[in-house]
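**Student:** Starting from these lines, generate the structure:
(chains A and B)
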Amino acid sequence: EAGVAQSPRYKIIEKRQSVAFWCNPISGHATLYWYQQILGQGPKLLIQFQNNGVVDDSQLPKDRFSAERLKGVDSTLKIQPAKLEDSAVYLCASSFILAGEMVDEQFFGPGTRLTVL
Amino acid sequence: DAKTTQPNSMESNEEEPVHLPCNHSTISGTDYIHWYRQLPSQGPEYVIHGLTSNVNNRMASLAIAEDRKSSTLILHRATLRDAAVYYCILRDMSFGNEKLTFGTGTRLTIIP
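**Tutor:** Modelled structure (predicted):
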């Protein structure tokens, strides 16, 4: 079974530039998550999709971050304009919730390491 | 989300058992205890989860205190590939909440 795919793996940009990250979840996984992981910290959830609808985006800085999941499969996370403090690893995860099953496992991709200069 | 407390770092010798503690004194009755680990330069991966009873799987065992205010992840025979940051996470599933709230975890070093 193929895992969660993310691209690019690394990106270096200057502040005030724009950047986009792409995620392809595991086939059949309805739920998709984007996390931000700053060096030395645990991942922080930015946004959660169920199919193509947003379930939780309470920690997404909406003035500069946006995300979409068209057709309920692939997803794109965009930052415009980037700030120095956006330097982090951006992780995508997906999960498959069985009907009536309360607990699910999240599968993470390798992440995209963003450096903002 | 209820808070967990873990040691910042631990060391263990290769091929010996490792006990990773987690305190969660404010756990509620509907909180599941999850453990994930993050190997260097990789995304986190699921290890194990439980609610009240001890759990075993191919990767590890989870021992949950009777009052559920603490738990211990047990790696029965550590290898160098087990060197990672281990996260203990509580997930309240009473309303179908699926969010994972990561802390800073425990960095496990395996000594050859």
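**Student:** Identify the residue nearest the geometric centre of chain A.
**Tutor:** A:W34 (2.4 Å; CA atoms, centre = their mean).
**Student:** Please, which helix or strand holds it?
**Tutor:** Secondary structure assigned from DSSP states H and E places A:W34 in strand A:31-37.
**Student:** Quickly note the distance from A:K78 to A:K11.
**Tutor:** Between A:K78 and A:K11 the distance, using CB to CB, to the nearest Å, works out to 12 Å. In this view, the C-beta of every residue, glycine as well, is placed from N, C-alpha and C.
**Student:** Give me the nearest residue to residue 23, chain neighbours excluded.
**Tutor:** Just so you know, I chose chain A. Beyond its immediate neighbours in the sequence, the residue positioned closest to A:C23 (CB to CB, 6 or more residues apart in numbering or on different chains) is A:C92, lying 3.4 Å away.
**Student:** I was thinking of chain B, sorry if that wasn't clear
**Tutor:** Closest residue to B:N23 apart from its sequence neighbours, by CB to CB, 6+ apart: B:T5 at 4.3 Å.
**Student:** I'd like the mean pLDDT over the host helix or strand of A:A67, please.
**Tutor:** Secondary structure assigned from DSSP H and E places A:A67 in strand A:65-68. Summarised as a single mean, pLDDT over strand A:65-68 is 97.
**Student:** Off-centre distance for that strand?
**Tutor:** The gap between where strand A:65-68 is centred and where its chain is centred comes out at 9 Å by CA atoms, centre = their mean, to the nearest Å.
**Student:** which parts of it are buried?
**Tutor:** Residues A:65-67 are the ones in strand A:65-68 that count as buried (16 or more other CB atoms under 10 Å in any protein chain shown).
**Student:** before we move on, what about stretch B:25-44?
**Tutor:** Of the residues in stretch B:25-44, B:27, B:31-38, B:43-44 count as buried by neighbour count, 16+ other CB under 10 Å.
**Student:** That one near chain A anywhere?
**Tutor:** Yes: contact check for stretch B:25-44 against chain A, using CB under 8 Å from any CB of the partner chain: residues in range are B:32, B:36, B:41-44.
**Student:** For chain A, state which of the residues you listed is nearest.
**Tutor:** In terms of CB to the nearest CB, no member of the residues of stretch B:25-44 next to chain A lies closer to chain A than B:G43, at 3.0 Å.
**Student:** which element is the closest one on?
**Tutor:** With DSSP H and E as the test, B:G43 turns up in no helix or strand.
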